[in-house]
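Enquirer: dropping a prediction and its sequence here:
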Amino acid sequence: MTRLAALVTLVPPESTQRAIGYPSLFLLVLIGALVPVVPTGALVSSAAVVAFHQTAPFSMALVFATASTAAFCGDGALYWLGRRGMRSRNGSRWLAAIRSRAPEDRLRQAQDKLAGHGVAVLVLSRLVPAGRIPVMLACLLAKWPLRRFARGNLPACLAWALTYELIGVLGGSLFPEPWEGVLAAVVLTVLIGAAPSLWRRLRRTSPAERSG
């Protein structure tokens, strides 16, 4: 009994988890929006799994608000830095980083869609893996002001946070233990992120190569 009591005391209460978890989620999603090496979708889904298993009210709403606000702030900051680079004679490392993550074919597609559909493309770009940066660069090249970009990016971030939170809810509802739901959510988000690149590779493969 003493060992069990000691283990229980090592588990932080929900209030402590919330005090640490929400600021951490905000910071990581913000960093992931600026430097897209952090799997932000998996983070949001994992946080949603944990919130699903908590007893505190509004946990799910707090995950949604935290993730969408952080994504919106991160996108806005990156776009502002990109606009500064566009106005600078020598550019900037932030603008160079945006360009390096937007292949020419993806950029042309983003420019065509942006010209035809406008703000609606921003919402889809947040939901399509690897679609955010090419559309952001297309907006920069089209010289959209920050305010116009922000108006279109707000519903995009809301839709993105809701989508990945629902993935987390699905994982949390299928498994009794939170860690099982987190694992399922992470695997699902990784598969979603890898699907477009895998599809493009399959399309580039000739029928002869597939049959051989």
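Expert: Perfect, thanks for sending it. Numbers count the residues shown, from 1 in each chain.

Enquirer: list of residues touching the helix or strand hosting residue 96?
Expert: Using DSSP states H and E, residue 96 sits in helix 93-100. With contacts defined as CB atoms under 8 Å, 6 or more residues apart in numbering, helix 93-100 is touched by 35, 78, 81, 82, 84, 85, 86, 88, 133, 136, 137, 140. From N, CA and C alone the C-beta is placed, and that goes for glycine too.

Enquirer: check contacts around the residue nearest to the last one when sequence neighbours are not counted.
Expert: By that I understand residue 140. Nearest non-adjacent residue to residue 140, counting by CB to CB, 6 or more residues apart in numbering: residue 82, 4.9 Å away. Residue 82 makes contacts with 92, 94, 95, 98, 136, 137, 140, as judged by CB under 8 Å, 6+ apart.

Enquirer: which helix or which strand is home to residue 82?
Expert: helix 59-87.

Enquirer: could you check how many residues crowd around residue 35?
Expert: Applying other CB atoms under 10 Å, we find 12 residues neighbouring residue 35.

Enquirer: spit out the contact partners of it.
Expert: Residue 35 sits in contact with residue 97, where contact means CB under 8 Å, 6+ apart.

Enquirer: please tell me the pLDDT value assigned to it.
Expert: pLDDT, residue 35: 87.

Enquirer: for it, give me the backbone phi and psi.
Expert: phi -120, psi 100 (degrees, to the nearest 10).

Enquirer: and the gap between it and residue 132?
Expert: Residue 35 is 13 Å from residue 132, where distance means CB to CB, to the nearest Å.

Enquirer: give me the low-pLDDT residue ranges for the chain?
Expert: Applying pLDDT under 70 to the chain flags the ranges 1-20, 55-56, 90-91, 174-212.

Enquirer: neighbour count and distance to residue 69 for the contacts of residue 82 - can I get that in TSV?
Expert: Shown next, in TSV, are the contacts of residue 82 (neighbours: other CB atoms under 10 Å; distance: CB to CB, whole Å):
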residue	neighbour count	distance to residue 69
92	16	25
94	19	21
95	21	25
98	21	22
136	23	18
137	22	23
140	19	23
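
Enquirer: closest to residue 152 out of these?
Expert: Nearest to residue 152 among the contacts of residue 82, counting by CB to CB, is residue 136 at 10.6 Å.

Enquirer: OK, contacts around the closest residue in space to the closest one that isn't next to it in sequence?
Expert: In space, and not counting its chain neighbours, residue 136 is closest to residue 79: 6.1 Å by CB to CB, 6+ apart. The contact partners of residue 79, taken as CB under 8 Å, 6+ apart, are 136, 139, 140, 146, 149, 150, 153.
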